[in-house]
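[1] Build me a model:
(chains A and B, ligands or ions: 2)
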Amino acid sequence: MPTKIAVKDLRKGFPTEQGHLPVIDDVSFEVADGEFVAIVGPSGCGKSTLLNVIAGFDPPDRGSVTVDGSLATGPSSKRILMPQQGSVFPWLTVQQNLMFGLNGHAPGNREQIADHYAAIVGLKGFEMSYPHELSGGMLKRAELARALVVKPEVLYMDEPFSALDALMSLRMRKELLRILAEERHTVVLVTHDVEEAIHLADRILVLSARPTRIQMSFEVPFAHPRTLSSPAAQGLKEAVLRELGV
Amino acid sequence: MSKLQLVLPSLAVIAVLLTVWWLAVVLTGSAIFPTPWQVVTGTLELAREGTLWDDIGASLMRVATGFLLAVSIAVPLGLWMGWVKGAFSTLNPLFQMLRPISPIAWIPIAILWFGVGNESPIFLIFISSVFPMVVQTTAGVHTIERRYLRAAENFGVSRYTLFRRVIIPAVLPQIIVGMRIGLGVAWLVVVAAEMIALRSGLGYLIIDSRNAGNRYDLVIGGMVIIGIIGLSLDGMMRLLEGLRTVRWRYAH
Ligand SMILES: Nc1ncnc2c1ncn2[C@@H]1O[C@H](COP(=O)(O)OP(=O)(O)OP(=O)(O)O)[C@@H](O)[C@H]1O
Ligand SMILES: [Mg+2]
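    Ligands and ions are numbered 1, 2, ... in the order given. Presented below is the predicted three-dimensional model:
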């Protein structure tokens, strides 16, 4: 598989009242086309910062992000970021949110496409609802659907399922895998849930505490659908947790 | 709680107040100050035979004209100032200085520029309601959360879509708050302006009733009508807060 995303020698810090706060300390990795990479790390280590830089919203202090061989210096509609706090527009209905990124389609067509994706994530019947009328889980699904509608080459997901209960989170993961099997996206997923990473990813990067570096990389060699209770999966989980110091 | 139970206490307060008022007038035997009942009969008489409806119409027309003029200037100006840093740093100090000047202080200038016709109060209403609306709209743009702007940027939409689907709806709740404040101030100002410079309107009705024979029943009647209309205007603005597209902001 050709390389889709290449992150090289990335450094990032923030100016604070107490002086410069180094957050990312020299991170390099590559993501192959169609690959699913999960990033785990302790809370506050800089996962969101890293994803924001890679998605082009914050400039790195040093280093570069290359996509398909050319320098990526800003966001692009080919690479959609689903931020940790969510970004579904509260003033638009679910349908209007899903249609938001659809340019160059006939108006009737746009509604059809939006409703199609609403159905895919299980929001059929809620197309005309406003976000504050939805549950937390439905909101996350709307966020996912809005990203999928524009058929992005890359999805950057920042803890997309973390606010959900265990059952809902499991359902969303299965849903995501089903969608990814149909439409090959390259995915970088930030999560603090090791099981989620093992369930979804082809590879897991473990970050160190802040200022963060890549501490370890694990291949996830299991075929889908995966059983997390298998001894091999449990072994991998323990190995990752050990890296995290648990 | 039922609606009746909610309004009952305030109705009771009003009833007590009316009784105290009535007793005070009767006990002191005042020749000038009217009883509540005299206010009612005087106002009814004015409504039947006098100029009450014309005065209400005149005041409302002035407020509507000045207020709509202010909205049509304040909203685009506020959006522009909120979006363009240079516009904000250039104009904001000026507006902050003009804002605390009471609209009443503008009356002499209004008369000098526009005379004693309809233009003067319309100008005053414009002046008084335009600043709060500019300030609210600008603040509305400034408080749009970055994650929404980033999402819009991420999808690479046109400037038109950005304004139509993100900026305007995000600011709309604040614009409505500004309109409520602006209309409230406008209604205060129109009465004051009509008392000083005009020959029609509810403000003029009050001043004229006093000057032409101490008709305090009509003075108080005019005041009550001003209160009721002000309340209804605010109620209309509150209806805007119930629009589905802005409820996200007011829903807790
Ligand atoms: N804009 C900013 N200005 C200053 N400091 C920041 C900024 N953004 C993040 N930081 C700091 O950088 C560090 C990493 O933050 P970040 O949000 O990337 O962590 P995270 O790994 O995503 O944490 P979590 O798992 O809790 O989401 C934190 O110490 C935070 O205070
Ligand atoms: Mg984070």
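[2] SS state for residue 206?
    Answering for chain A, as no chain was given. Here residue A:206 is recorded as strand under DSSP: H, G, I helix; E, B strand; the rest coil.
[3] close enough to count as contact, it and residue A:217?
    Yes: between residue A:206 and residue A:217 a contact is recorded at 7.4 Å, counting by CB atoms under 8 Å. (Glycine included, C-beta is placed from N, CA and C.)
[4] Look at these two and report which has more neighbours.
    Applying other CB atoms under 10 Å in any protein chain shown to residue A:206 and residue A:217 shows that residue A:206 carries more neighbours, namely 22 against 12.
[5] residue contacts, that one?
    The contact partners of residue A:206, taken as CB atoms under 8 Å, 6 or more residues apart in numbering or on different chains, are A:40-41, A:214-218, A:240, A:243-244.
[6] Reformat the residues you listed as TSV; add distance to residue B:143, secondary structure and pLDDT.
    Listed next are the contacts of residue A:206 as TSV, based on distance: CB to CB, whole Å; DSSP: H, G, I helix; E, B strand; the rest coil; pLDDT from 0 to 100:
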residue	distance to residue B:143	secondary structure	pLDDT
A:40	34	strand	96
A:41	32	coil	94
A:214	37	strand	95
A:215	39	strand	95
A:216	42	strand	94
A:217	42	strand	95
A:218	43	strand	95
A:240	41	helix	93
A:243	41	helix	92
A:244	38	coil	91
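[7] could I get these as JSON lines with distance to residue A:158?
    Shown next, in JSON lines, are the contacts of residue A:206 (distance: CB to CB, whole Å):
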{"residue": "A:40", "distance to residue A:158": "12"}
{"residue": "A:41", "distance to residue A:158": "12"}
{"residue": "A:214", "distance to residue A:158": "17"}
{"residue": "A:215", "distance to residue A:158": "20"}
{"residue": "A:216", "distance to residue A:158": "21"}
{"residue": "A:217", "distance to residue A:158": "20"}
{"residue": "A:218", "distance to residue A:158": "20"}
{"residue": "A:240", "distance to residue A:158": "19"}
{"residue": "A:243", "distance to residue A:158": "21"}
{"residue": "A:244", "distance to residue A:158": "18"}
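[8] Closest one of those to residue B:65?
    residue A:41 (61.7 Å; CB to CB).
[9] Count residues in the vicinity of the closest one, would you?
    Residue A:41 has 24 nearby residues by other CB under 10 Å.
[10] what ranges do the helices span in chain B?
    Using DSSP state H, the helices of chain B run over B:3-28, B:36-49, B:52-83, B:85-98, B:107-114, B:119-142, B:146-154, B:159-161, B:168-197, B:202-211, B:216-241, B:247-250.
[11] Check those for me and report the most buried one.
    Burial of those is given as mean neighbour count (mean count of other CB atoms under 10 Å in any protein chain shown); helix B:119-142 ranks first at a mean of 24.
[12] So the residue nearest the centre of chain A: helix, strand or coil?
    Among the residues of chain A, the one closest to the centroid is residue A:157, at 1.4 Å (CA atoms, centre = their mean). Classification of residue A:157 by three-state DSSP places it in strand.
[13] ok, back up a step: which one of the contacts of residue A:206 is nearest residue B:180?
    residue A:41 (47.6 Å).
[14] Quick check: the closest one touching residue A:211?
    No: using CB under 8 Å, residue A:41 is not in contact with residue A:211, being 11.6 Å away.
[15] tell me the contacts of the one residue in chain A that gets nearest to ligand 2?
    Nearest residue of chain A to ligand 2, counting by CB to the ion: residue A:48, 3.1 Å away. Listed by CB under 8 Å, 6+ apart, the contact set of residue A:48 reads A:83-84, A:158, A:190.
[16] that older thread, which one of the helices of chain B has the poorest average confidence?
    Among the helices of chain B, helix B:247-250 has the lowest mean pLDDT, at a mean of 84.
[17] list the helices and strands that helix packs on?
    helix B:168-197 (3 or more CB pairs under 8 Å, 6 or more residues apart in numbering or on different chains; DSSP states H and E).
[18] sorry, back to before: give me the subset of the contacts of residue A:48 that also touch ligand 1.
    residue A:84 (CB under 6 Å from any ligand atom).
[19] of the contacts of residue A:48, closest to ligand 1?
    The closest of the contacts of residue A:48 to ligand 1 turns out to be residue A:84 (CB to the nearest ligand atom; 5.7 Å).
[20] Was I right to think that closest one contacts residue A:157?
    No: using CB under 8 Å, residue A:84 is not in contact with residue A:157; the gap is 9.4 Å.
[21] between these two, what contacts are shared?
    Common neighbours of residue A:84 and residue A:157, using CB under 8 Å, 6+ apart, are residue A:190.
[22] Name the residues of chain A found near chain B, please.
    Proximity of chain A to chain B (CB under 8 Å from any CB of the partner chain) is limited to residues A:55, A:57, A:75-77, A:79-81, A:83, A:85-87, A:89-92, A:96, A:100-101, A:103, A:130-132, A:150.
[23] ok, now with 6 Å
    Within chain A, the positions near chain B by CB under 6 Å from any CB of the partner chain are A:57, A:75, A:77, A:80-81, A:83, A:85, A:87, A:90-91, A:100-101, A:132.
[24] and those, which are buried?
    A:57, A:75, A:77, A:80-81, A:83, A:87, A:90-91, A:100-101 (16 or more other CB atoms under 10 Å in any protein chain shown).
[25] Who does the residue nearest to the centre of chain A form a beta bridge with?
    residue A:82, residue A:189 (DSSP bridges).
[26] Can you tell me how far it is from chain B?
    Distance from residue A:157 to chain B, counting by CB to the nearest CB, to the nearest Å: 13 Å.
[27] Quick check: residues of chain A near ligand 1?
    Checking chain A against ligand 1 by CB under 6 Å from any ligand atom, the hits are A:14, A:16, A:21, A:23, A:41, A:43-49, A:84, A:192, A:210.
[28] among those residues, which are in helices?
    A:47-49.
[29] Counting neighbours, which bits of the lengthiest helix in chain A end up buried?
    In terms of residue count, the longest helix belonging to chain A (DSSP H) is helix A:166-182. Neighbour counts over helix A:166-182 (16+ other CB under 10 Å) mark A:168-173, A:176, A:179-180 as buried.
[30] want to throw these into TSV with pLDDT and distance to ligand 2?
    Below are the buried residues of helix A:166-182 laid out as TSV (pLDDT from 0 to 100; distance: CB to the ion, whole Å):
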residue	pLDDT	distance to ligand 2
A:168	83	20
A:169	87	17
A:170	89	21
A:171	85	23
A:172	86	18
A:173	91	19
A:176	91	19
A:179	88	23
A:180	90	22
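[31] And the furthest pair within the residues you listed?
    Longest span within the buried residues of helix A:166-182, CB to CB: A:168 and A:180, 18.4 Å.
[32] That concludes my questions; thank you for your assistance.
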